[in-house]
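S.K.: structure, please.
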Amino acid sequence: MRRLDRSGRTAYNFACTLRTLGARQGNEPLLIAAVDAFEAVLEVRKREANPGGWAKTQRQLGETLRMLGQRSGDREVLTKAVATFGAALGETARDASPLDWGRTKMALGIALARLGEREEGSTRLLEARAAFQDALGELTADRVPLEWAKLQNNLGNLFMELGRRETETARLRQAADAYRLALVGQPRDLVPLDWAQTQHNLGAVLEVIGERERDMAALGSVRSSVYPAAGPVTWRPLSAPDGG
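M.R.: This next block holds a predicted model:
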């Protein structure tokens, strides 16, 4: 049993390395190899014998599937990611591991959102919103401010997608509010890239609101405050490289 445990840890670390390289390089074959490696780890880390390790591996597998599905646009892979996060939640008790539970809920929400973006209906997007709201119960601003900010940014992206599908601007304004909250937890000097990304996303949603409400003069003044050094640009919301 000790030999199997060592093999599981080594294979797990190898799978994580493959996933990191695949994400950094945008290399789908490496991400596919990482999926295979995590699935091999699950042959060693049995749910009955090691539920915590099994759930951890399921979370990492789900994250890898989400990256692969997001990059390839394959809805089947994204659906598998959603199911994998759901399996991980089955062995992640909220009262015993509140942060792991919250992180898994956020990861589930991201996977559901990426899947929902590729579907005509809003069912998956609304499921993503519910998962994000659950995650907010544990990933709080005072406990894990950077993760809370990432969660707010993902909520902003979600409301932006919902708002694009509607004629009213209520969802878009929710997106703007979420991006502004995210900026509270993303100090420019501490996480400059995250700060810039969220500023970009805020600019994108404000542009859409301005176009919908035909108030481009007001939008121009908002652009100046959001992008004081930027010239005329066309924005679209950005997701973090890992989907955040």
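S.K.: elements contacting the helix of greatest length in the chain?
M.R.: Taking DSSP state H as the criterion, the chain has its longest helix at helix 2-25. If contacts are counted by 3 or more C-beta pairs under 8 Å, 6 or more residues apart in numbering; DSSP states H and E, helix 2-25 sits against helix 28-44, helix 51-72. (Each C-beta comes from the backbone N, C-alpha and C, glycine too.)
S.K.: and it, what's its mean pLDDT?
M.R.: Mean pLDDT, helix 2-25: 81.
S.K.: got the CA coordinates for it in PDB?
M.R.: The C-alpha trace of helix 2-25 is given here as PDB (Å, rounded to 0.1, in the frame of the first residue of the first chain):
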ATOM      1  CA  ARG A   2       2.800   2.400   0.800                       C
ATOM      2  CA  ARG A   3       4.300   1.800  -2.700                       C
ATOM      3  CA  LEU A   4       0.900   2.600  -4.300                       C
ATOM      4  CA  ASP A   5       0.600   5.800  -2.300                       C
ATOM      5  CA  ARG A   6       4.000   7.000  -3.500                       C
ATOM      6  CA  SER A   7       3.100   6.100  -7.000                       C
ATOM      7  CA  GLY A   8      -0.100   8.100  -6.600                       C
ATOM      8  CA  ARG A   9       1.700  11.200  -5.400                       C
ATOM      9  CA  THR A  10       4.300  11.100  -8.100                       C
ATOM     10  CA  ALA A  11       1.700  10.600 -10.800                       C
ATOM     11  CA  TYR A  12      -0.400  13.400  -9.300                       C
ATOM     12  CA  ASN A  13       2.500  15.800  -9.400                       C
ATOM     13  CA  PHE A  14       3.300  14.800 -12.900                       C
ATOM     14  CA  ALA A  15      -0.300  15.400 -14.000                       C
ATOM     15  CA  CYS A  16      -0.200  18.900 -12.300                       C
ATOM     16  CA  THR A  17       3.000  19.700 -14.200                       C
ATOM     17  CA  LEU A  18       1.500  18.700 -17.500                       C
ATOM     18  CA  ARG A  19      -1.500  20.800 -16.800                       C
ATOM     19  CA  THR A  20       0.600  23.800 -15.900                       C
ATOM     20  CA  LEU A  21       2.700  23.500 -19.000                       C
ATOM     21  CA  GLY A  22      -0.400  23.000 -21.200                       C
ATOM     22  CA  ALA A  23      -2.100  26.000 -19.800                       C
ATOM     23  CA  ARG A  24       1.000  28.300 -20.100                       C
ATOM     24  CA  GLN A  25       1.700  27.200 -23.700                       C
END
